[in-house]
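Trainee: Below is the structure, and that's it, no one-letter string:
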């Protein structure tokens, strides 16, 4: 089944450029476009694309804030940040707000298609430049979801699973699952090693 792709960008030339790049891809279906946060959210009330390509620098609501809103309302939609910016802070904020990928606007057709297929498969995709920018302060192989980052910070604050669960309004089994994911992502065996590595990578203070 084709992956339904929708784009949010305030520049028609970018929208048309990306649409023409994806036009001949057999497993990608163009679902449409929006030029701002409001029209994007109005579209999502009616239809649910699989992947949302989201510009970061938009008038009004930024792509970073829109990403958080979309992921809170429609967790099943995968978001790819689309930008001319490859600063570490922009990339990290998008990933913190639930994006599954980050691609620069100078991406090739191959890279863009790869990113869409990768996130639609439930994986994380960072373009080469984005990965390099993120590497300056973090290990690019460790990309945390917003919830995993929250759990990590609460573990660092010394809270137990039950206390974290109460604070985040989730079950303790959910917290346990996040904790196991964190250990796996950081490739460590215990909480102490997890916190040491996270501090070393400047992922927590």
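Mentor: Yes, it's here. Model, not experiment: these values are computed from the prediction.

Trainee: which residues of this protein fall in strands?
Mentor: 3-8, 28-34, 51-55, 78-83, 101-104, 125-126 (DSSP state E).

Trainee: so what secondary structure elements neighbour the second one?
Mentor: So that's strand 28-34. Using 3 or more Cβ pairs under 8 Å, 6 or more residues apart in numbering; DSSP states H and E as the contact test, the elements touching strand 28-34 are strand 3-8, helix 12-22, helix 37-46. No exception for glycine: its C-beta is placed from N, CA and C like everyone else's.

Trainee: for the fourth one, same thing?
Mentor: Contacts defined by 3+ Cβ pairs under 8 Å, 6+ apart place strand 78-83 against strand 51-55, helix 63-73, helix 88-96, strand 101-104, helix 109-120.

Trainee: In this structure, where is pLDDT below threshold?
Mentor: 133-141, 205 (pLDDT under 70).

Trainee: Give me the buried positions along the helix of greatest length in it.
Mentor: Longest helix in the chain, counting residues (DSSP state H): helix 172-186. Residues 174-175, 178-179, 182, 185-186 are the ones in helix 172-186 that count as buried (16 or more other Cβ atoms under 10 Å).

Trainee: Give me whichever of the helices and strands packed on strand 28-34 is most buried.
Mentor: For the helices and strands packed on strand 28-34, average neighbour numbers computed from mean count of other Cβ atoms under 10 Å are highest in strand 3-8, which has a mean of 23.

Trainee: Which residues outside that strand are in contact with it?
Mentor: The contact list for strand 3-8 (Cβ atoms under 8 Å, 6 or more residues apart in numbering) reads 15, 18-19, 22, 27-37, 40, 43, 47-55, 58, 63, 66, 82, 116-117, 120.

Trainee: picking that back up, just how off-centre is the longest helix of the chain within its chain?
Mentor: Distance, stretch centre to chain centre, for helix 172-186: 18 Å (Cα atoms, centre = their mean, to the nearest Å).

Trainee: and residue 2, how many residues sit next to it?
Mentor: Using other Cβ atoms under 10 Å, residue 2 is surrounded by 12 other residues.

Trainee: That one: what's it in contact with?
Mentor: Contacts for residue 2 were tallied using Cβ under 8 Å, 6+ apart; they are 26-29.
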